[in-house]
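>>> Would you be able to build a 3D model of this:
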Amino acid sequence: MVTISPSTPQAAPANPPTEFEIRARERATEFEGVFLSMMVKEMFSGIKTEGDFTGGFGEEMFRDMMAEEYAQSMAANGGIGLSDQIYREILAQQEI
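Predicted coordinates:
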């Protein structure tokens, strides 16, 4: 029979984030989403649409919405690290 010993004691929980920190994180993520949206839209602009059932105003609208959704999803799931830098800068500016 194998005896399992308890693991090392857990660290004390950190202080919960303040309302300001929560809002700062949301704004930083939102900004990263806008930035990524611009990048993705530019990336989509190079795709050629040819054929009988492609192109037109409808596809253009769909591409814009799809680019925004891709960007928001990327930002919400870690993004490219831009929101972390912005968040730290917001907190640093608040301390001044």
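
>>> can we go C-alpha only for contacts and neighbour counts from here?
Noted.

>>> What is the distance between the helix or strand where residue 91 lies and the centre of its chain?
If you go by DSSP states H and E, residue 91 is part of helix 82-95. From the chain centre to the centre of helix 82-95 is a distance of 15 Å (C-alpha atoms, centre = their mean, to the nearest Å).

>>> how many other residues sit next to residue 95?
By other C-alpha atoms under 10 Å, 7 other residues sit near residue 95.

>>> And for residue 35?
For residue 35, the neighbour count with other C-alpha under 10 Å is 16.

>>> what comes up buried for the helix holding residue 91?
Judged by neighbour count (16 or more other C-alpha atoms under 10 Å), helix 82-95 contains these buried residues: 82-84, 86-87, 90.

>>> Any idea how many residues pack against residue 68?
21.

>>> Which element, helix or strand, includes it?
Assigned by DSSP H and E, residue 68 falls in helix 56-76.

>>> likewise residue 33?
Here residue 33, judged by DSSP H and E, is contained in helix 19-45.

>>> quick one, the helix or strand of the chain with the lowest mean pLDDT and helix 82-95 angle?
Least confident helix or strand, the chain: helix 56-76 with a mean of 86, by mean pLDDT, DSSP states H and E. Counting by axes from the mean of the first three to the mean of the last three C-alpha atoms, to 10 degrees, helix 56-76 lies at 60 degrees to helix 82-95.

>>> Now do the buried residues in stretch 61-80.
Buried-residue list, stretch 61-80, by 16+ other C-alpha under 10 Å: 63-64, 66-68, 70-72, 74-75, 79.

>>> Kindly report the same for stretch 26-34.
27-33.

>>> residues contacting the residue nearest in space to the middle of the chain?
With distances taken as C-alpha atoms, centre = their mean, residue 75 lies nearest the centre of the chain, 1.1 Å away. When contacts are counted by C-alpha atoms under 8 Å, 6 or more residues apart in numbering, residue 75 touches 29-30, 32-33, 36, 83.

>>> can you check residue 90 too?
residue 24.

>>> Mind doing that once more with 10 Å?
20-21, 24-25, 27-28, 84 (C-alpha atoms under 10 Å, 6 or more residues apart in numbering).

>>> List just the nearest of those to residue 42.
residue 28 (21.5 Å; C-alpha to C-alpha).
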